[in-house]
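Undergrad: dropping a prediction and its sequence here:
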Amino acid sequence: MRVWAISLALLVAVAGCGPRPMIQPQLTRPQAPIDPKKLARRLEAMQPGWPTARRIDCRHLKCVALTFDDGPGDYTGKLLDLLSARKVRATFFVVGQMVAARGGAQLVRRIVAEGHELGNHTWNHPPLTGLTDQGLRFQLKHTNDLVERVTGVRMRVMRPPYGATNRRVAAEARRLGLAQILWSVDTLDWQDRVPALVARRAGRSAVGSIVLMHDIHRSTVQAVPALLDLLAKKGCTPVTISELYGRTPAPGRMYTARMYKAR
């Protein structure tokens, strides 16, 4: 009892907040190691709406899908800050090696937690059409498996590097449950590192467009505020790929934009 009295006195002195009600000590047994997957499932059950889903109907809104390739990188965190401030969601096509690099896992977990969509952009960004069947399978499956281990999310969309695809790529994507997402608006942000130019090109997007950008470039992230302003002036709503189509796109099929019937 004397030991507990001394401990309680020390707590009061450290807290510096005067007398406290008497606290009965709780003796607990050592806990077994927690299985991360079980913990994740338990948290999901406790918070079924996390991350919160949005009710987006692109049949009635002027939707434009914003996509960012090649990360996560040094500027992805800043981009997430900008998107969060404007309540905008996008699709991030991640490279497996970048996820495996220092800080990559933390960033992809944040991407998921903030309601963005993750897509597969291969392990190390080769043209898939030049690979063997075994190499092609490795590029997509190894990246899928890593992201699922890190985030608990099974990716449902992929983007072939350089847009290089063929029947073999489509067949492997279908086998892994991945739709092929290309683009209709290329901002050329990898070539022209001028934020105003990148924003202007992306801001010209028509309704239903899929916009290609890269979050590994500082200039692209710097372009985002102006780009969002341009889209807002046109009455456009930035969305993820799955939000653009109103469902998860079909595995193996190739998408470049959403076509709308004339009203």
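TA: Good, I have the coordinates.

Undergrad: please make it C-alpha for all contacts and neighbour counts, starting now.
TA: Fine.

Undergrad: all helices for this protein, in order.
TA: With DSSP state H as the criterion, the chain has helices at 2-15, 36-46, 76-85, 96-100, 104-113, 133-151, 167-175, 195-203, 218-233, 241-245.

Undergrad: could you dump those to JSON lines with mean pLDDT?
TA: Below are the helices of the chain laid out as JSON lines (pLDDT from 0 to 100):
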{"stretch": "helix 2-15", "mean pLDDT": "38"}
{"stretch": "helix 36-46", "mean pLDDT": "49"}
{"stretch": "helix 76-85", "mean pLDDT": "98"}
{"stretch": "helix 96-100", "mean pLDDT": "98"}
{"stretch": "helix 104-113", "mean pLDDT": "98"}
{"stretch": "helix 133-151", "mean pLDDT": "98"}
{"stretch": "helix 167-175", "mean pLDDT": "98"}
{"stretch": "helix 195-203", "mean pLDDT": "97"}
{"stretch": "helix 218-233", "mean pLDDT": "98"}
{"stretch": "helix 241-245", "mean pLDDT": "97"}
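
Undergrad: out of those helices, flag the one nearest Ser184.
TA: In terms of C-alpha to C-alpha, the element of the helices of the chain nearest to Ser184 is helix 195-203, at 10.3 Å.

Undergrad: what sits up against the closest one?
TA: For helix 195-203, contacts defined as C-alpha atoms under 8 Å, 6 or more residues apart in numbering pick out 185-189, 192, 211, 219-224, 226-228, 230-231.

Undergrad: who's the closest spatial neighbour of Pro195, skipping the chain neighbours?
TA: Using C-alpha to C-alpha, 6 or more residues apart in numbering and skipping residues adjacent in sequence, the residue nearest Pro195 is Ala223, 4.3 Å away.

Undergrad: between the helices of the chain, which one is nearest to Leu66?
TA: Nearest to Leu66, of all the helices of the chain, is helix 241-245, at 7.9 Å by C-alpha to C-alpha.

Undergrad: longest strand in the chain, please.
TA: strand 62-69 (DSSP state E).

Undergrad: dump the helices of the chain into a markdown table; add distance to Met254 as well.
TA: Converted to a markdown table, the helices of the chain look like this (distance: least, C-alpha to C-alpha, whole Å):
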| stretch | distance to Met254 |
| --- | --- |
| helix 2-15 | 61 |
| helix 36-46 | 32 |
| helix 76-85 | 26 |
| helix 96-100 | 21 |
| helix 104-113 | 24 |
| helix 133-151 | 16 |
| helix 167-175 | 8 |
| helix 195-203 | 21 |
| helix 218-233 | 25 |
| helix 241-245 | 12 |
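
Undergrad: point out the most buried one among those.
TA: Mean neighbours per residue, mean count of other C-alpha atoms under 10 Å, is largest over those for helix 241-245, with a mean of 23.

Undergrad: quick one: residues in contact with that one.
TA: With contact meaning C-alpha under 8 Å, 6+ apart, helix 241-245 is reached by 56-58, 63-67, 90-91, 117, 208, 210, 248-249, 258.
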